[in-house]
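A.B. asks: attaching a predicted model along with its sequence, questions to come.
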Amino acid sequence: METLDGIVEDIIYRNEENGYCVLSVSTEAGEKTAVGCVFNIAVGEEIHARGHTSTHLVYGDQFNIQDYHCAIPQELKAMERYLGSGAVKGIGPAMAAKIVEMFGEDTFRVLEEEPELLERVKGISLKKAQAIAAIFYEQRTMRQAMIFLQEYGISVNYALKIYQEYREKTYEVVKNNPYQLAEDVHGIGFKMADSIAEQVGIPKESVHRTMAGMLYLLHQATLDGHVYLSREELFRSAGALLQADGTQLESALIRLKLQNRIVSVSLPGVEEAVYLGVYHAMEQGAALKLHEVAHGVGTGRGDSQEWITRFEKEEGIEFDPSQKEAIVKAQTCGLLVITGGPGTGKTTTINAIIRLFEEQDLTVALAAPTGRAAKRMTEATGREAKTIHRLLEITFGKDELHQRFERNEEYPLECDVLIVDESSMMDLTIFHHLLKAIPVGTRLILVGDKDQLPSVGAGNVLGDILACRDIFDVVVLQKIFRQAMESDIIMNAHKINHGEVPDLRRNSKDFFFIRRSNPTRILEELTSLVKTRLPKFAGCDSLEGIQVLTPMRKGILGVENLNVVLQAALNPPAKDKREKECRGIRFREGDKVMQVKNNYNLSWTVMNDLNFKIDEGTGVFNGDIGTILSINTYTETLKIRFDDQRQVNYEFSGLDELELAYATTIHKAQGSEYKVVVIPLFKGPPMLLSRNLLYTAITRARQYVVIVGTEETVVEMIANNREVRRNTSLSEQIRRLAIGERGA
Ligand SMILES: Nc1ncnc2c1ncn2[C@@H]1O[C@H](COP(=O)(O)OP(=O)(O)OP(=O)(O)O)[C@@H](O)[C@H]1O
């Protein structure tokens, strides 16, 4: 590795958000340009950096800083420049000259130890002297902390986050219990904390380590959808991860319980279910609020039967008995769940319910868990539907567990009826926040298809509520309407859902099966379809209209390889297209990409044709798809325009939240719809090839489905009705409360 030592002469560019700087540094070998993330550096400071030199096409040689430390300058001239550069707020160049003239080499000692002496300088009051000293102290502490943290191999980005979290307590936390970092600092997980702990010299058997390891495993379980782990599961994984014995684990478990960070309860079939405290509280809170909402309204106004007859006449429609039941129950129940597969009239029923309430002058709010689902609901109802996050007015959240919403029990939603579509996608966290904001007396109507894959986040909210059909009101729409029957996509989706294999040889107008017997042939066929044949046939763009959905991540037909192949076919390298590589993914201007995490802090803007900003906000969500408009290697940013026109600038350091999206997993496509869906299917592990995965994939298509692969795989998937069980206990909590109510 090369080194660079010199004095910062100029800061040519500084990105305030990610700290990326272009510096001009004077060294013994002359003036050099250095680039990289450098925090809190000022003109006049000495920089000692390690890194490598590369040659930029336009800017020539530049030193890429990997790690660095800087020091307050020693020479009078440099001191003056440093103080006057704006590094210490309140001191400009003229004042700096006066201070250095008065105190000479003693300047920094005075600033640190006897700031009141500054008052002697003309123009500095005692108050100002104190303020200057405070800033100087803060900067010195920060600089020292950054050096300290970098010694443990912590990157500048994380070091800054750690310092911002703990300030002067940084040393104490890192030295005594670095595992705390995993809980408090976004982006630092157990593994990184564990490696810091090893360097600090914390023994492997430390109870802090065991506790952190257990919390980590419970958190990992939530990423797999589980709200709790059985004690046996937790001990098995913790034993393997931490090489800890039963006594150590037991003692950590007790401490965590005493601190209320975990809760354990017994459930039917599970002797001890262990939860992260916050998840247990969310389940309990949700169960209680569901009961309150369900019982919170009196019977509705007017006679809905009469209204239905009039509506049917006016609209020339005849409702199916279960649709009528849903409309009547919407009037009489505080909580109603309407569920049904594609084409069973959910939207038609919602529309009638909205009309009925509106005619009674009640306000109806509409929401859905994702941006795409909300957009579809808006189109289908002709009324504005918001994402749940927007409805609740999200304000802050470094991650899912730290989300903050303006709307909550103190400042609840102001509507008489709330209808949530695509409820199967709601995870426990968002559902808990939603319920908190619903005042008792407001009607809640949850609509969804129970056979879709469960939510990406932890929980099985819709499934758990439906398991309590004897307690809450549920209407299942089963009739497939004539118009829907004309679509093979809908009919085949229902067949698949019932375990029947559709006729794959049938000549269909919207559902196609192309038999190819090995992965290489499947890939060739799929590429040719997406690149040329389907855009012509369906009259759409390869990128916008067509989505390849696959069950797997790995292998020839996994997301990763499909993206490489499709990128090469649809957006090949070109001289005028800039690129940026990150985690082995080569992002290129023009690429189709997907955000793979909810990020509530990313800012977006919407520009009009004249490039004027017409809207702005924050939040980009898991599953949002867009196109890379430009890559700027100088400012280290990448600009993306999402499908709904929002434009977002990503720092290169935030690219781990992006993936190529020519192909995505079926899981990620939940709640989205595409004009054309292409599904490659070939042998794979049964866990990945299940019936509801195929069902979900097919029901994502609005106009055409094309399956390329082997008939055997389709048959196997339909036969594989093994639902992946999630450890959740919302229904149990609902039941316990119901028994309590009956008993009371
Ligand atoms: N009672 C009815 N009589 C006749 N046609 C109906 C009736 N209810 C719904 N339909 C028609 O059936 C089709 C499917 O209905 P709708 O879109 O409401 O179903 P959905 O369950 O929302 O479907 P998806 O989940 O696919 O969006 C539509 O064309 C709709 O007009």
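C.D. replies: Alright, I've got the coordinates.

A.B. asks: the helix or strand containing I739 - contacts with which helices or strands?
C.D. replies: Using DSSP states H and E, I739 sits in helix 730-743. Judged by 3 or more Cβ pairs under 8 Å, 6 or more residues apart in numbering; DSSP states H and E, the packing partners of helix 730-743 are helix 277-294, helix 461-466. Glycine gets a C-beta too; all of them are placed from N, C-alpha and C.

A.B. asks: out of those, nearest to the ligand?
C.D. replies: helix 461-466 (14.1 Å; Cβ to the nearest ligand atom).

A.B. asks: in contact with the spatially closest residue to T378 that is not a sequence neighbour, which residues?
C.D. replies: Of all residues not flanking T378 in the chain, A385 sits nearest, at 4.6 Å (Cβ to Cβ, 6 or more residues apart in numbering). By Cβ atoms under 8 Å, 6 or more residues apart in numbering, the residues touching A385 are 366-368, 374-375, 377-378, 421.

A.B. asks: how about A133?
C.D. replies: By Cβ under 8 Å, 6+ apart, A133 lies in contact with 111-112, 115, 118.

A.B. asks: and the residue of the stretch 51-200 of the chain found nearest the ligand, how far from I317?
C.D. replies: Nearest to the ligand in the stretch 51-200 of the chain, going by Cβ to the nearest ligand atom, is H186, at a distance of 36.7 Å. Distance of H186 to I317, given as Cβ to Cβ, to the nearest Å: 51 Å.

A.B. asks: what is the burial count for the residue in the stretch 551-700 of the chain positioned nearest to the ligand?
C.D. replies: The minimum distance from the stretch 551-700 of the chain to the ligand, using Cβ to the nearest ligand atom, falls at T699 (7.1 Å). Residue neighbour count, defined by other Cβ atoms under 10 Å, stands at 26 for T699.

A.B. asks: state the phi and psi torsions of it.
C.D. replies: Torsion angles at T699 (phi, psi; degrees, to the nearest 10) stand at phi -80, psi 0.

A.B. asks: contact partners for it?
C.D. replies: 341-342, 449, 452, 489, 493.

A.B. asks: longest helix anywhere in this structure?
C.D. replies: helix 126-151 (DSSP state H).

A.B. asks: run the chain-centre distance for the strand or helix carrying E198.
C.D. replies: Following DSSP H and E, one finds E198 within helix 190-200. For helix 190-200, the separation from the chain centroid amounts to 25 Å (computed by Cα atoms, centre = their mean, to the nearest Å).

A.B. asks: now the helices: where do they sit in the stretch 51-200 of the chain?
C.D. replies: 76-82, 93-103, 107-113, 126-151, 156-166, 170-176, 179-184, 190-200 (DSSP state H, counting those that start in this stretch).

A.B. asks: what's the neighbour count on the residue of the stretch 451-600 of the chain at minimum distance from the ligand?
C.D. replies: Scanning the stretch 451-600 of the chain for the residue nearest the ligand gives F481, at 3.1 Å (criterion: Cβ to the nearest ligand atom). A count of nearby residues for F481, using other Cβ under 10 Å, gives 16.

A.B. asks: close to the ligand: what parts of the stretch 1-150 of the chain are there?
C.D. replies: With Cβ under 6 Å from any ligand atom as the criterion, the stretch 1-150 of the chain does not meet the ligand at any residue.

A.B. asks: now do the same contact list for the closest residue to M1 other than its chain neighbours.
C.D. replies: Excluding its sequence neighbours, the residue lying closest to M1 (Cβ to Cβ, 6+ apart) is R50, at 5.0 Å. Contacts of R50 were listed using Cβ under 8 Å, 6+ apart, and they are 1-4, 65-68.

A.B. asks: pull out the buried members of those residues.
C.D. replies: By neighbour count, with 16 or more other Cβ atoms under 10 Å, the contacts of R50 hold 4, 65, 67-68 as buried.

A.B. asks: pLDDT for the contacts of T699 - can I get that in TSV?
C.D. replies: Converted to TSV, those look like this (pLDDT from 0 to 100):
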residue	pLDDT
G341	92
P342	90
D449	93
Q452	88
I489	94
A493	95
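
A.B. asks: could you list which of those residues belong to strands?
C.D. replies: Judged by DSSP state E, strands contain none of those.

A.B. asks: show me which of the residues you listed neighbour the ligand.
C.D. replies: Among the contacts of T699, the ones lying near the ligand by Cβ under 6 Å from any ligand atom are P342.

A.B. asks: highest neighbour count among the contacts of T699?
C.D. replies: A493 (28 neighbours).

A.B. asks: test my guess that L453 contacts I666.
C.D. replies: Yes - contact status for L453 versus I666: in contact at 7.4 Å, counting by Cβ atoms under 8 Å.

A.B. asks: what about the spatially most central residue of the chain, distance to R553?
C.D. replies: Per Cα atoms, centre = their mean, the C-alpha nearest to the average position across the chain is that of N598, at 1.7 Å. Distance, N598 to R553, by Cβ to Cβ: 20 Å.

A.B. asks: for N611, the count of nearby residues, please.
C.D. replies: 6.

A.B. asks: what's the burial count for K191?
C.D. replies: By other Cβ under 10 Å, neighbour count at K191 equals 10.

A.B. asks: and it, what pLDDT?
C.D. replies: At K191, the pLDDT value in this model is 89.

A.B. asks: kindly report the same for the one 4 residues further on.
C.D. replies: Predicted confidence (pLDDT) for S195: 89.

A.B. asks: got the contact list for it?
C.D. replies: G153.

A.B. asks: per-residue pLDDT, E17?
C.D. replies: 64.

A.B. asks: follow-up on the earlier one: could you tell me the angle between the helix holding I739 and helix 277-294?
C.D. replies: Relative orientation of helix 730-743 and helix 277-294, computed by axes from the mean of the first three to the mean of the last three Cα atoms, to 10 degrees: 50 degrees.

A.B. asks: use 176 as the first number from now on
C.D. replies: In the new numbering, first residue 176, that becomes helix 905-918.

A.B. asks: avg pLDDT for helix 905-918?
C.D. replies: Here the average pLDDT along helix 905-918 is 84.

A.B. asks: got it, and stretch 441-457?
C.D. replies: The model assigns stretch 441-457 a mean pLDDT of 96.

A.B. asks: could you do stretch 223-243 as well?
C.D. replies: 85.

A.B. asks: coming back round to it: now the helices and strands packed on helix 905-918 as JSON lines including distance to the ligand and mean neighbour count?
C.D. replies: Output for these, formatted as JSON lines (distance: least, Cβ to the nearest ligand atom, whole Å; neighbours: other Cβ atoms under 10 Å):
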{"stretch": "helix 452-469", "distance to the ligand": "24", "mean neighbour count": "21"}
{"stretch": "helix 636-641", "distance to the ligand": "14", "mean neighbour count": "24"}
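
A.B. asks: which parts of stretch 797-814 are buried?
C.D. replies: Residues of stretch 797-814 classed as buried by neighbour count (16+ other Cβ under 10 Å): 797-803, 806, 808, 811-814.

A.B. asks: neighbours around V349, how many?
C.D. replies: 23.

A.B. asks: and the pLDDT at it?
C.D. replies: Confidence at V349, expressed as pLDDT, is 90.

A.B. asks: hmm, I655 and I665 touching each other?
C.D. replies: Yes - counting by Cβ under 8 Å, I665 does reach I655; the two are 6.7 Å apart.

A.B. asks: mutual contacts of the two, please.
C.D. replies: With Cβ under 8 Å, 6+ apart as the test, I665 and I655 both reach 516, 518.

A.B. asks: these two: who's more crowded?
C.D. replies: I665 (23 against 19).

A.B. asks: residue contacts, the more buried one?
C.D. replies: Neighbour list for I665: 516-518, 655, 659 [criterion: Cβ under 8 Å, 6+ apart].

A.B. asks: swap in V705?
C.D. replies: Neighbours of V705 in contact, by Cβ under 8 Å, 6+ apart: 717, 721, 723, 741, 744-745, 837, 853.

A.B. asks: understood, closing this out.
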